[in-house]
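J.: I would like to see how this sequence folds:
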Amino acid sequence: MLLTSRIVFAPAERGQGAPQDKSQSHDQGGDDQDQATSGQEDGGADSQDKPQDKDKPQRKSRKGLFILAGVVLLLLVGGALYAFSVRNLESTDDAYTEGNAVTMAPKISGYIVELDIDDNSYVKAGDILLKIDPRDYINARDQAQANLDLATAQLRNAQLNYDIARVQIPARLVQAQAQKVQAEAQRQQAEREYKRQHSVDTRATTQENIDTANEQQQAAASQVAYNQAQVDVAKLIPQNLKAAKAQVDQLTAQVAQAQAQLDQAQLNLSYTEVHAPQSGKVTRRNVQLGTYLQAGQSMFELVTNDEWVVANFKETQLDRMRVCQRVTISVDAHPDIKLTGHIDTIQDGSGSRFSSFPAENATGNFVKIVQRVPVKIVLDKNDNLPIPIGLSVEPTIQLGSEQNCSQAERKQ
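T.: Predicted coordinates:
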């Protein structure tokens with residue numbers, strides 16, 4: 001529009017001033033018109049290119065926004081799916097494998113004369129692990145056997161004496177009573193002779209006869225008293241039988257004592273062979289062939305096949321945790337292996353409560369600390385992979401899965 005106005009009003013201005021050639025003005029006007037036309041074309045082209053250049057950044061920014069929105073949406077969906085998938089799972093990395101480690105120690109002293117084990121060797125229940133020199137214990141057994149034989153012979157002799165006493169003691173009473181009757185008759189005869197010698201005229205007898213009658217009378221009286229004492233002694237039949245029976249009982253006890261000593265000697269002899277109480281692996285062996293052992297000295301430890309996991313869960317994780325819930329366990333030593341098991345028990349107390357120095361929260365400043373409670377997890381049978389005790393594991397408990405447990409396990 002500005003170019004057009006300039007073309008229109010240019011001749012008028014020229015008309016007011018000096019006259020110019022029309023052809024010239026016409027040519028100039030044509031040139032100006034051509035320039036205006038070309039300028040309009042150039043302006044139109046520029047005006048068409050400028051919106052296109054403006055649309056390119058807008059399109060790029062919209063594309064970035066779409067990508068960002070898509071990524072955020074994927075993260076939200078993924079987070080929601082992950083939260084949904086782990087809503088019934090509880091896990092911890094504060095967990096370790098545990099098992100029975102039996103400390104093996106001898107019950108007797110002696111030198112090791114045979115060693116049938118090595119470090120980390122596997123043994124079965126009842127296998128002979130080592131032997132202790134048995135010669136001293138064989139001698140002790142033989143001596144105990146001899147003492148038993150002696151006590152048994154003495155007991156048999158006492159039993160025979162008791163059987164004899166049961167007959168002989170009553171017979172002694174009868175014999176003593178018969179002797180008393182005989183002595184009494186002799187006393188009466190001596191008494192009559194004594195009276196006759198003292199009743200006749202002294203001229204009809206002699207002093208010797210009188211003295212003899214006196215002596216016979218006194219002797220007969222003494223014999224009667226002696227026989228009476230014998231009768232009194234023979235009357236103690238129950239007491240005498242009890243004494244004989246007590247001797248039998250005493251020797252019977254000595255036989256039992258000798259038998260106990262023999263049994264102990266045989267038991268000590270059997271202790272010279274150390275057997276495996278359970279199946280497992282030998283660990284921490286500190287004895288060699290020829291080592292002198294003291295009774296009760298630690299020789300090695302036997303790790304049995306019974307294994308479980310002790311997981312120390314936070315107290316905030318125990319709300320939905322129940323006995324018999326299924327557990328999946330990953331082992332740090334074997335990342336590709338997944339073990340399975342179930343909750344066996346939950347300890348009635350936190351780990352710090354049963355420590356050597358439990359916390360005393362009634363003194364000083366109090367800082368609340370989340371406590372951990374040991375949970376025992378029993379492993380399913382896994383014969384293909386022996387797991388050493390003390391390894392770090394990470395159990396994951398499936399909450400709400402206790403319905404797979406038997407009723408007997410639920411009551412535990």
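J.: so where's the stretch 51-200 of the chain uncertain?
T.: 51-60, 84-86, 197-198, 200 (pLDDT under 70).
J.: what about the strands in it?
T.: Ranges of strands in the stretch 51-200 of the chain, per DSSP state E, counting those that start in this stretch, are 89-91, 95-104, 110-115, 122-123, 128-132.
J.: Identify each buried residue in the last one, please.
T.: Within strand 128-132, the residues scored as buried using 16 or more other C-beta atoms under 10 Å are 129-132. No exception for glycine: its C-beta is placed from N, CA and C like everyone else's.
J.: what's next to stretch 315-329, contact-wise?
T.: Stretch 315-329 is touched from outside by 90, 92, 95, 309, 313, 338-346, 350, 370-373, 375, 377, 379, 393-402, 404-406, 409-410, 412, with contacts defined as C-beta atoms under 8 Å, 6 or more residues apart in numbering.
J.: Buried ones among those residues?
T.: Using 16+ other C-beta under 10 Å, the buried ones in the contacts of stretch 315-329 are 90, 92, 95, 309, 313, 339, 341-344, 350, 371-373, 375, 377, 379, 393-397, 399, 401-402, 405.
J.: so where's the stretch 301-412 of the chain shaky on pLDDT?
T.: Where the stretch 301-412 of the chain drops to pLDDT under 70, the residues are 364, 382-385, 402-412.
J.: Let's see that with 80 instead.
T.: 356-366, 381-386, 401-412 (pLDDT under 80).
J.: returning to that earlier point: between the strands of the stretch 51-200 of the chain, which one is closest to Ser61.
T.: strand 89-91 (41.9 Å; C-beta to C-beta).
J.: That closest one: partners in the sheet, and parallel or antiparallel?
T.: strand 392-398 (antiparallel) (DSSP bridges).
J.: For Cys124, give me phi and psi.
T.: Heads up, residue 124 is Lys, not Cys. phi -100, psi 160 (degrees, to the nearest 10).
J.: Would you confirm that it contacts Ala276?
T.: Yes - between Lys124 and Ala276 there is a contact at 6.6 Å, judged by C-beta atoms under 8 Å.
J.: Neighbour count: these two, which is higher?
T.: Neighbours were counted for Lys124 and for Ala276 using other C-beta atoms under 10 Å; Ala276 has more, 20 against 9.
J.: my guess is the more buried one contacts Ser121, does it?
T.: No - counting by C-beta under 8 Å, Ala276 stays clear of Ser121, with 10.5 Å between them.
J.: Work out for me the element Leu262 sits within.
T.: helix 237-270 (DSSP states H and E).
J.: list the contacts for the residue positioned nearest the centre of the chain?
T.: Nearest to the mean C-alpha position of the chain, counting by C-alpha atoms, centre = their mean, stands Asn100 at 5.7 Å. By C-beta under 8 Å, 6+ apart, the contact list for Asn100 reads 278, 280, 303-304, 306.
J.: still on that earlier bit, can you list the helices and strands that the helix holding Leu262 packs against?
T.: helix 135-199 (3 or more C-beta pairs under 8 Å, 6 or more residues apart in numbering; DSSP states H and E).
J.: Tell me what angle the helix it packs on forms with helix 237-270.
T.: With axes from the mean of the first three to the mean of the last three C-alpha atoms, to 10 degrees applied, the angle from helix 135-199 to helix 237-270 works out at 170 degrees.
J.: just to revisit the earlier point, adding distance to Ile117, write the buried residues of strand 128-132 out as TSV.
T.: Formatted as TSV, the buried residues of strand 128-132 follow (distance: C-beta to C-beta, whole Å):
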residue	distance to Ile117
Leu129	5
Leu130	7
Lys131	11
Ile132	14
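J.: Tell me how many other residues surround Ser109.
T.: Other residues within reach of Ser109, judged by other C-beta under 10 Å, total 15.
J.: Tell me who's in contact with it.
T.: Per C-beta under 8 Å, 6+ apart, neighbours of Ser109: 132, 292-295.
J.: Most neighbours among these, which one is it?
T.: For these, the largest number of neighbours (other C-beta under 10 Å) sits with Ile132, at 24 neighbours.
J.: ok, now which ones touch that residue?
T.: Ile132 neighbours (C-beta under 8 Å, 6+ apart): 106, 108-113, 271-274, 293.
J.: Pull out the buried members of the residues you listed.
T.: By 16+ other C-beta under 10 Å, the contacts of Ile132 give 106, 108, 110, 112, 271-272, 274, 293 as buried.
J.: Tell me which two in the residues you listed are the farthest apart.
T.: Ile112 and Tyr271 (12.9 Å).
J.: Does Val274 touch Lys131 like I think?
T.: Yes - counting by C-beta under 8 Å, Lys131 is a contact partner of Val274 at 7.5 Å.
J.: Going by length in residues, pull out the top strand of the protein.
T.: strand 300-314 (DSSP state E).
J.: what helices or strands is that strand leaning on?
T.: Secondary-structure packing of strand 300-314 (3+ C-beta pairs under 8 Å, 6+ apart): strand 95-104, strand 280-283, strand 334-346, strand 372-379, strand 392-398.
J.: want to throw these into TSV with distance to Arg196?
T.: Formatted as TSV, these follow (distance: least, C-beta to C-beta, whole Å):
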stretch	distance to Arg196
strand 95-104	100
strand 280-283	107
strand 334-346	111
strand 372-379	113
strand 392-398	123
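J.: Which of these sits closest to Gln175?
T.: For Gln175, the closest of these is strand 95-104, at 70.3 Å, according to C-beta to C-beta.
J.: Pull up the pairing partners for that closest one, direction included.
T.: When sheet partners are counted by DSSP bridges, strand 95-104 sits next to strand 300-314 (antiparallel), strand 392-398 (antiparallel).
J.: buried ones in that strand?
T.: Neighbour counts over strand 95-104 (16+ other C-beta under 10 Å) mark 95, 97-99, 104 as buried.
J.: ends of stretch 347-357, how far apart?
T.: Its start and end residues considered, stretch 347-357 measures 18 Å (C-alpha to C-alpha, to the nearest Å).
J.: So what's the gap between that stretch and the chain middle?
T.: 17 Å (C-alpha atoms, centre = their mean, to the nearest Å).
J.: now do stretch 119-136
T.: 23 Å.
J.: Straight-line length of that stretch, end to end?
T.: Counting by C-alpha to C-alpha, you get 29 Å between the two ends of stretch 119-136.
J.: Please apply the same query to stretch 226-241.
T.: Stretch 226-241: ends 23 Å apart by C-alpha to C-alpha.
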